[in-house]
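*Asks:* Sequence first, then the predicted structure, then my questions.
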2 protein chains.
Amino acid sequence: MLNNSQYIEKLRSSGLRPTKQRIKICEILFNSEKTFHFTINELVKRISKSTNDKISLATVYNTVHAFKNKGYLKEIPINSDQSYFDTNTSHHHHFYDETQKDLIDIDDADVEPVKINTRIPGKKIKSVEVLVKVEDDKS
Amino acid sequence: MLNNSQYIEKLRSSGLRPTKQRIKICEILFNSEKTFHFTINELVKRISKSTNDKISLATVYNTVHAFKNKGYLKEIPINSDQSYFDTNTSHHHHFYDETQKDLIDIDDADVEPVKINTRIPGKKIKSVEVLVKVEDDKS
DNA sequence: TTCTACATTATAATAGTTCTAAACTGTTGA
DNA sequence: TCAACAGTTTAGAACTATTATAATGTAGAA
């Protein structure tokens, strides 16, 4: 939970100009107690609910990508018609409920560390992501 | 490595009419010694190389989805501008080389079983997929 | 204040995928 | 065998998420 001046500092310190659009998006994404998942489309809806100053779609895309590049957001690898982002940038994994089309965090403590006993020469591991797909248990 | 009459049987037994388009796509996907990854776009190219009878793009999409639904193909969860499919439907995971935009199988023996110590009530686990993103090691 | 580089914006463009509806074809059963 | 039907293919249009464009606006430095 940060106030605007802290967002301004955060943006400035990472080389992003603290425009009012970016500050507004910071408020929406980072003011919550809880981290959450969203699509661009959902973010646009939240923005239009919380302000009268419309932010253009292009700016939302630009900002989300900028925040992702700075490490303030993570993109969640999932086959979907749209990209999912996560405000929780700490190491953790996800359930994907295929019935509800819903993403759920898996607490990192609930996943044993994934051991990959092979490497690709000349490449270093950037991330290890586990996606657990679930569906309604009708048994 | 199956011959056409075996593909016909395979298709029929899973409730898919063995049309010449589907048989041709079976040949391309399942005649290889090795399993492989592909995008729709790449599959279309392979088809046009191996036959003079053009298969329409819609049919390629339809067929790939039908095969996926029947469990003959797996879709690989990855953020990309296009969907990746895998002819290897056995349990295994992937490296994704972000520099080369290239998918590489991880032999299942090289990954310790992923233990998820939590469940979602009323849901059953359908799959557990690990994606290891790698990049050039410039260190 | 003025300048400049960076941001925002509306809109067009792009690309992957899905939809449509007409033509075609494998299969069934008389 | 062959008619009839349901499933399949097809070209092209439509759709949707995302990116590019280029003009306008603005934050920050001098």
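*Replies:* Okay, I see it.
*Asks:* ok, stretch A:71-86 near DNA strand D or not?
*Replies:* Yes: using Cβ under 7 Å from any atom of the strand, stretch A:71-86 reaches DNA strand D at A:81-83. The C-beta positions use only the backbone N, C-alpha and C, and glycine is treated the same way.
*Asks:* Now the longest strand anywhere in chain A - C-alpha only, CSV.
*Replies:* The residue-count maximum for a strand in chain A (DSSP state E) belongs to strand A:123-136. C-alpha atoms of strand A:123-136 as CSV (Å, rounded to 0.1, in the frame of the first residue of the first chain):
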residue,chain,number,x,y,z
LYS,A,123,21.7,-21.1,-21.9
LYS,A,124,20.8,-20.1,-18.4
ILE,A,125,17.5,-20.7,-16.7
LYS,A,126,15.4,-17.6,-16.4
SER,A,127,12.3,-19.1,-14.8
VAL,A,128,10.6,-22.3,-13.9
GLU,A,129,6.9,-22.1,-14.0
VAL,A,130,4.4,-24.8,-13.0
LEU,A,131,0.8,-24.7,-14.3
VAL,A,132,-1.6,-27.1,-12.7
LYS,A,133,-4.7,-27.4,-14.8
VAL,A,134,-7.8,-28.6,-12.9
GLU,A,135,-11.3,-29.3,-13.8
ASP,A,136,-14.5,-30.1,-12.0
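*Asks:* Tell me which other helices or strands that strand touches.
*Replies:* Secondary-structure packing of strand A:123-136 (3 or more Cβ pairs under 8 Å, 6 or more residues apart in numbering or on different chains; DSSP states H and E): strand A:93-97, strand B:123-136.
*Asks:* Ignoring the adjacent residues along the chain, who's closest to the most centrally placed residue in chain A?
*Replies:* Ranked by distance to the mean C-alpha position of chain A (Cα atoms, centre = their mean), the top residue is residue A:86 at 2.0 Å. With Cβ to Cβ, 6 or more residues apart in numbering or on different chains as the criterion, residue A:86 has its nearest non-adjacent residue at 4.6 Å, and that residue is residue A:74.
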